[in-house]
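A.B. asks: give the three-dimensional model of this entry:
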Amino acid sequence: MAPIVSLARAAGPTRAGFEQGAITEAVHRALDLAGYSPQSPPQTVAIKPNLRFYWDHSTGETTDPRVVGAVIDYVRGRWNPEARISVVETDASSMRTRYAYPILGYDRLAAEKDVELVNLSEGEMLETQTRVNGRTVSLPLPHSLLNADLFVSCPKLKVGPFAGGNALHITCTLKNLYGCIGKRRKVVYHPRVNEVIVAVNKHLRPHVHVVDGIVALGSRPVRLGLIIAGTDAVAVDSVAARVMGYNPGAVKQITLAEREGVGTRRGLVITGEDVRALAREFPKRSQLMFKLTWNLQLKMLRAYAGLTGDAVPPALD
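C.D. replies: Prediction:
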């Protein structure tokens with residue numbers, strides 16, 4: 001069956017930004033157009049936002065809690081009003097989830113929507129192994145995400161660093177699952193980041209993806225007011241790349257994920273907003289500058305590993 005990816009825009013913005021009602025309407029419209037429906041009412045639901053350091057959602061770095069709130073309302077309104085819903089995240093090299101939740105407004109969201117905030121780093125991990133690009137990748141992944149009745153990925157629409165050559169690194173739904181790895185110092189995976197991203201996506205398969213492009217991040221933050229939704233991670237990221245003005249074929253994580261069977265771009269059907277019009281609004285980032293900063297980051301990572309004793313896991317060599 002051909003993958004469907006939907007795009008919906010929120011009305012506005014006002015001077016203060018996009019209103020909650022407009023965001024909720026866009027999220028619900030995108031989910032309706034994406035056509036996903038669970039086979040049975042989900043009892044347990046996990047929603048994974050992208051919490052990047054402690055940056056407010058207005059910077060374009062982290063998922064707007066209002067988008068997650070709209071997803072919660074949709075799940076309860078359409079599929080199961082009694083669903084037990086959790087918002088989930090793991091600790092990272094420079095972020096602790098227990099601090100990120102209150103700083104970024106998720107404590108308030110949890111109280112308003114009666115949902116649980118979960119630090120996956122404190123839960124049971126399953127040691128996994130999978131082959132990507134002919135090599136074995138070993139990763140600790142949260143056991144709870146493998147058993148959720150409904151797993152929703154809520155990533156950001158933003159550009160990441162260029163990973164060498166002509167390959168572009170975007171941060172969207174494939175990359176969002178990188179944040180599920182149960183190792184705090186995830187920087188050790190950066191030299192093989194695309195293979196690791198694909199490895200995670202071969203194990204963890206969200207049922208639906210809802211991309212937050214309310215404030216998107218290119219060369220600068222932009223109030224795009226966009227929600228992208230779909231069930232196929234490769235297809236969703238392919239559309240996200242086009243919105244950002246890039247060829248999906250130049251994004252290694254997309255092409256590798258498709259080759260490894262995570263998803264497909266074949267027969268892709270796009271519904272809702274015009275991708276070309278959105279691409280004209282997105283502030284594209286310079287490929288040259290990101291090649292330079294990515295190479296600098298790798299040099300700093302190697303220096304850091306030498307000082308701390310951390311190293312790239314042997315399974316990635």
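A.B. asks: quick one: the strands in the protein?
C.D. replies: Along the chain, counting by DSSP state E, strands occupy 4-9, 44-49, 84-89, 116-119, 125-132, 135-142, 150-154, 156-159, 170-171, 208-217, 221-230, 269-272.
A.B. asks: for those, which has the smallest mean pLDDT value?
C.D. replies: With a mean of 88, strand 170-171 has the lowest mean pLDDT of the strands of the chain.
A.B. asks: return the list of strands paired to that one, each annotated with direction.
C.D. replies: strand 156-159 (antiparallel) (DSSP bridges).
A.B. asks: count of residues packed around residue 280?
C.D. replies: By other CB atoms under 10 Å, 9 other residues sit near residue 280. Where you see a C-beta, it was placed from the backbone N, CA and C, and this is true even at glycine.
A.B. asks: ok, it to residue 60 distance?
C.D. replies: Going from residue 280 to residue 60 by CB to CB, to the nearest Å gives 18 Å.
A.B. asks: now do the phi/psi pair for residue 54.
C.D. replies: Main-chain torsions, residue 54, degrees, to the nearest 10: phi -120, psi 30.
A.B. asks: ok, it - contacts?
C.D. replies: 95, 99, 100, 103, 104 (CB atoms under 8 Å, 6 or more residues apart in numbering).
A.B. asks: let me know the closest of those to residue 55.
C.D. replies: Relative to residue 55, the closest of these is residue 104; by CB to CB it sits at 8.0 Å.
A.B. asks: just the pLDDT for that closest one.
C.D. replies: 96.
A.B. asks: please apply the same query to residue 187.
C.D. replies: 77.
A.B. asks: ok, for residue 103, nearest residue in space, not its chain neighbours?
C.D. replies: Ranked by CB to CB, 6 or more residues apart in numbering and with sequence neighbours excluded, the top spatial neighbour of residue 103 is residue 54, at 4.9 Å.
A.B. asks: and residue 240, by the same measure?
C.D. replies: Closest to residue 240 by CB to CB, 6+ apart is residue 172, at 4.4 Å.
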